[in-house]
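Undergrad: Generate coordinates for the sequence data below:
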Amino acid sequence: MSVPGVTVERDKETGVAVVTLDRAAKHNAITLEMARGLSAVWRGFRYEDEIRAIVVTGAGGRAFCTGVDRSAEVPQPSSPYTIDDPLLTIGPKANDLWKPVVAAVEGMACGGAFYLLGEAEFLVAGEDATFFDPHTTYGMVSAFETVHMAQRMPFGEVARMALMGGAERISARRAHEIGLVSELTPPGGALAAALAAAGVIAGHPTEAVQGTVRALWSVREAARAQALAHAPHLVALGNLPPERQAELFDGRSTGHRVR
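TA: Got it, this is the predicted structure:
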């Protein structure tokens, strides 16, 4: 299956596949076509018994992913009780895939990237990676993103990241200190380290591995599902109109602090 903007490579000898967001010139921002394609990719892996672990990464080294492509037009219903979010099903767990997924992060990971990172088992990052959530800066509610990250980061760190918006970025080292990132590598080394870890996992009996993944996620599933159920209403009620968001985005400052 070919998905524009997404590359999938399979190594049947090791049992590891690599899913790459492949729009380096656009910082691997996700188009609507890519969002649909990612969902199909994850669902397809459920039927590939020879693939036992997966690495997800971004092309080019400058960014893992910067969320949804801002040129995408997503019509919204008029009701404040519902919202159409094209990123809801871009992650493996949203597609009922319980094979382990390791994320390899280089460069920027922000906003909608957290839909993917929030559904990986663990993250490996190059030392120049940064994590941030610019939603509030541009008049948008960070709801789905904060729910995903609240499962992986201390509450205060998630709150600070979301509320500071584009003014501040979390360095890879800080992300490692707070437990978001499990392993730091020299810049450019995240993919190799993630592949090494995935290769070890893929070498274990797959029934035990998938059962362990499912058990781990069951710990947080109820709270996560309840929080995500509130997210559409908060976004619908709290977001500025799209034209005002665009004005804020066009007038954004490039200055930010990395901590």
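
Undergrad: Every contact and neighbour count from this point should use C-alpha atoms.
TA: Fine.

Undergrad: List the residue ranges of the chain that fall below the pLDDT cut-off.
TA: Per-residue confidence for the chain (pLDDT under 70) gives these ranges: 1, 80, 222, 233, 253.

Undergrad: do that again at 80, thanks
TA: Within the chain, the segments meeting pLDDT under 80 span 1-2, 70-84, 220-255.

Undergrad: where along it do the strands fall?
TA: Assigned by DSSP state E, the strands in the chain fall at 6-11, 16-21, 53-58, 63-65, 101-105, 108-110, 122-126, 130-132, 168-171, 183-185, 257-258.

Undergrad: Could you provide those strands in CSV, with additional columns for distance to residue 150?
TA: Shown next, in CSV, are the strands of the chain (distance: least, Cα to Cα, whole Å):
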stretch, distance to residue 150
strand 6-11, 27
strand 16-21, 24
strand 53-58, 20
strand 63-65, 19
strand 101-105, 17
strand 108-110, 15
strand 122-126, 14
strand 130-132, 14
strand 168-171, 15
strand 183-185, 19
strand 257-258, 20
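
Undergrad: got those as CSV, with mean neighbour count and distance to residue 246 columns?
TA: CSV is the format used below for these (neighbours: other Cα atoms under 10 Å; distance: least, Cα to Cα, whole Å):
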stretch, mean neighbour count, distance to residue 246
strand 6-11, 16, 27
strand 16-21, 23, 25
strand 53-58, 26, 25
strand 63-65, 30, 20
strand 101-105, 29, 28
strand 108-110, 25, 18
strand 122-126, 25, 31
strand 130-132, 25, 19
strand 168-171, 21, 20
strand 183-185, 20, 35
strand 257-258, 12, 23
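
Undergrad: Can you name every helix or strand that the helix ranked longest in the chain contacts?
TA: The residue-count maximum for a helix in the chain (DSSP state H) belongs to helix 206-238. Using 3 or more Cα pairs under 8 Å, 6 or more residues apart in numbering; DSSP states H and E as the contact test, the elements touching helix 206-238 are helix 144-150.

Undergrad: and the longest helix of the chain, which residues are buried?
TA: For helix 206-238, the buried set under the neighbour-count rule, 16 or more other Cα atoms under 10 Å, comprises 206, 209-210, 213-214, 224, 227-228, 231-236.

Undergrad: Distance from it to the middle of the chain?
TA: Helix 206-238 sits 14 Å away from the centroid of its parent chain (Cα atoms, centre = their mean, to the nearest Å).

Undergrad: likewise stretch 12-21?
TA: Distance, centroid of stretch 12-21 to centroid of chain: 18 Å (Cα atoms, centre = their mean).

Undergrad: For that stretch, measure first residue to last.
TA: End-to-end distance for stretch 12-21, by Cα to Cα, to the nearest Å: 21 Å.

Undergrad: contacting residues for residue 154?
TA: Neighbouring residues of residue 154 by Cα atoms under 8 Å, 6 or more residues apart in numbering: residue 178.
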